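# Based on what follows, work out the 3D shape:
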Amino acid sequence: MSTRLIPAMVAIVLGGLLAFALFVPYVARQYRRRGELGMGNAALALGGLVYSLALVAYVLLPMPQLGPDFCAVHGTSGPQWTPFAFLADMEKEAIGTGIAATLRNPALTQVLMNVALFVPLGMFVRYMFRRGVLATTAIGVGVSLLIEVTQGTGIWFLYPCAYRLFDVDDLIANGLGGLLGALAAPVLRAVPGQRLVVDPGEPRPVTKSRRLLAMICDLMAHQLSGALFVTVGNLLLLLVHGQLVMGTVAPAELAGYAEVNALAPLLPWFLLAVVVPVVGKAPSLGQRIVRLQAVGRDGRPAGPGMRVLRSLLGVGGYVLLSQLGTLPELSALSLLASVLGLASLIALFATAGRRGLSYAMTGLRLTDSRAVERTAVLS
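This is a model prediction of the structure:
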């Protein structure tokens with residue numbers, strides 16, 4: 001793989017993982033701030049995240065192997081402090097005359113790439129963080145200086161010498177890119193799905209996309225919390241295994257820890273599928289995040305028991321069946337989980353009022369929590 005593609009690939013992969021981890025809190029923040037998600041804002045946030053990771057990866061990757069002759073092989077001749085030294089390099093590397101030949105000059109290409117690298121930074125900083133042109137340009141220069149110092153110190157002395165050049169021309173080119181990006185930032189207004197047409201405190205309709213978003217948030221919350229508990233369980237097992245090797249723990253005791261680790265995902269499931277519906281106003285964390293609330297036929301909020309029942313007939317039940325289905329003796333439950341998940345997804349689009357399977361079975365209906373709060377205040 002090309003060394004120029006490695007930072008981009010790393011940024012895309014890490015960006016996807018971070019977006020997955022941050023999705024639920026991001027949706028919660030958007031609904032508290034805007035009263036809705038806003039697909040345009042989400043797209044810009046994802047773009048900014050991937051770009052930031054790409055910038056870091058570009059600085060650090062690829063990292064050369066450390067060896068006894070590292071400085072002799074990879075070391076640079078020292079910082080380049082002469083502004084616009086690339087002009088002399090262009091004369092040395094000239095491969096012809098005319099505009100086309102000039103644009104193909106490697107020295108100029110490097111400068112143009114450094115300018116282009118910081119254009120998105122200027123656009124994102126000015127547009128998303130509401131900074132002025134001068135402040136945005138200064139931030140671009142500051143970030144560029146941090147990058148150049150990182151390169152000039154061998155990633156802050158992680159390496160015995162710098163393997164990339166500290167170049168003042170890079171600093172100038174990056175600053176120019178930040179300035180151009182700041183001037184071009186208004187272009188990002190054209191990204192659709194950003195405009196807020198309703199006050200954040202106003203109730204919204206219960207749409208299919210909103211219901212689906214709540215389900216996605218619930219599934220991701222279960223997955224992330226389950227993975228966290230399993231990771232902690234594995235760390236405990238590693239610790240116990242280390243004690244076993246040292247002779248401080250009997251082998252029979254290790255089986256007990258393994259059983260605890262196997263049941264670890266059920267702990268966050270209980271918190272999300274049972275405790276949250278009992279103590280919260282919504283039957284699930286995802287529905288609470290997107291500001292949905294369960295009410296009975298009389299329009300009053302559903303009680304804790306009905307909220308738990310709805311949870312067990314929805315995502316909570318699906319996750320429980322899926323987790324238990326991983327045990328060899330209960331593998332048939334995996335098929336039941338698939339049936340429940342497919343039926344819930346179909347019912348989401350087929351039932352009136354986007355009630356879904358669990359709401360239809362419990363006789364409850366969904367409404368915007370802001371409408372319930374407003375009714376309570378008026379009454």
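
# From here on, just use CA atoms for contacts and neighbour counts.
Will do.

# Ile172 - how many residues pack around it?
Residues lying near Ile172 (other Cα atoms under 10 Å) number 19.

# and if you look at Phe124?
A count of neighbours around Phe124, defined by other Cα under 10 Å, yields 24.

# quick one, what contacts it?
Gly48, Ala185 (Cα atoms under 8 Å, 6 or more residues apart in numbering).

# for it, helix, strand, or coil?
Secondary structure for Phe124, judged by DSSP: H, G, I helix; E, B strand; the rest coil, is helix.

# For it, give me the pLDDT.
Here, the pLDDT recorded for Phe124 equals 96.

# roughly how far apart are it and Tyr51?
Going from Phe124 to Tyr51 by Cα to Cα, to the nearest Å gives 10 Å.

# Helices of the stretch 101-250 of the chain, residue ranges please.
106-128, 133-152, 154-157, 168-184, 208-245 (DSSP state H, counting those that start in this stretch).

# actually the stretch 251-379 of the chain, not the one I typed
Going by DSSP H, counting those that start in this stretch, the stretch 251-379 of the chain shows helices at 251-262, 266-270, 276-279, 285-289, 304-313, 315-324, 332-350, 356-362, 369-378.

# The closest residue to Gly132 other than its chain neighbours: neighbouring residues, count only.
Computed as Cα to Cα, 6 or more residues apart in numbering, the closest residue to Gly132 that is not its neighbour in sequence is Arg126, at 6.2 Å. By other Cα under 10 Å, 26 other residues sit near Arg126.

# one step back: check the contact lists of Phe124 and Tyr51 and give me the overlap.
By Cα under 8 Å, 6+ apart, no residue touches both Phe124 and Tyr51.

# hang on, the earlier thing: for Ala43, find the nearest of the helices of the stretch 251-379 of the chain.
With respect to Ala43, and counting by Cα to Cα, the nearest of the helices of the stretch 251-379 of the chain is helix 285-289 at 19.2 Å.

# Quick one: list the elements packing against the closest one.
When contacts are defined as 3 or more Cα pairs under 8 Å, 6 or more residues apart in numbering; DSSP states H and E, helix 285-289 sits against helix 5-33, helix 208-245.

# average pLDDT across it?
The pLDDT scores in helix 285-289 average 94.

# for stretch 101-114, same thing?
Averaged over stretch 101-114, pLDDT sits at 82.

# Report the distance from it to the chain centre.
With Cα atoms, centre = their mean, to the nearest Å as the basis, stretch 101-114 stands 34 Å off its chain's centre.

# And it, what's buried?
Thr102, Asn105, Pro106, Ala107, Leu108, Val111, Leu112, Asn114 (16 or more other Cα atoms under 10 Å).

# hey, C-alpha coordinates of that stretch in CSV?
Output of stretch 101-114 as CSV, limited to C-alpha atoms (Å, rounded to 0.1, in the frame of the first residue of the first chain):
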residue,chain,number,x,y,z
ALA,A,101,5.5,21.6,-16.5
THR,A,102,5.5,24.0,-13.6
LEU,A,103,2.5,22.4,-12.0
ARG,A,104,4.1,19.0,-12.3
ASN,A,105,7.2,20.2,-10.5
PRO,A,106,7.6,18.0,-7.3
ALA,A,107,8.7,21.0,-5.1
LEU,A,108,5.6,23.0,-6.1
THR,A,109,3.3,19.9,-5.8
GLN,A,110,4.5,19.4,-2.2
VAL,A,111,3.7,23.0,-1.3
LEU,A,112,0.2,22.8,-2.9
MET,A,113,-0.5,19.6,-1.0
ASN,A,114,0.4,21.3,2.2
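
# Give me the residue ranges of the stretch 1-150 of the chain where confidence is low.
Residues of the stretch 1-150 of the chain meeting the criterion pLDDT under 70: 1-4, 96, 98.

# Number of residues surrounding the residue nearest to Ala182 when sequence neighbours are not counted?
Among residues not flanking Ala182 along the chain, Gly122 sits closest, at 4.5 Å (Cα to Cα, 6+ apart). Neighbourhood size, Gly122 [other Cα under 10 Å]: 31.

# Asp170 now?
Counted with other Cα under 10 Å, Asp170 comes out at 26.

# Please report how far it lies from Ala45.
Going from Asp170 to Ala45 by Cα to Cα gives 27 Å.

# Repeat that for Ala184.
Ala184 is 18 Å from Ala45, by Cα to Cα.

# if we can go back for a sec, any idea which of the helices of the stretch 101-250 of the chain is most buried?
Highest mean neighbour count among those (mean count of other Cα atoms under 10 Å): helix 168-184, with a mean of 24.

# if we can go back for a sec, closest to Ser334 out of the helices of the stretch 101-250 of the chain?
The closest of the helices of the stretch 101-250 of the chain to Ser334 is helix 208-245. By Cα to Cα, the value is 15.7 Å.

# That closest one - contacts with which helices or strands?
Judged by 3+ Cα pairs under 8 Å, 6+ apart, the packing partners of helix 208-245 are helix 5-33, helix 251-262, helix 266-270, helix 285-289, helix 315-324, helix 332-350.

# okay, the angle between that helix and helix 315-324?
Interaxial angle, helix 208-245 versus helix 315-324 (axes from the mean of the first three to the mean of the last three Cα atoms, to 10 degrees): 30 degrees.

# Could you tell me how far helix 208-245 lies from the centre of the chain?
The answer for helix 208-245 is 16 Å, by Cα atoms, centre = their mean.

# cool, and stretch 48-63?
Relative to its parent chain, stretch 48-63 has a centroid offset of 15 Å by Cα atoms, centre = their mean.

# buried set for that stretch?
Buried residues in stretch 48-63, counted by 16+ other Cα under 10 Å: Gly48, Leu49, Val50, Tyr51, Ser52, Leu53, Ala54, Leu55, Ala57, Tyr58, Val59, Leu60.
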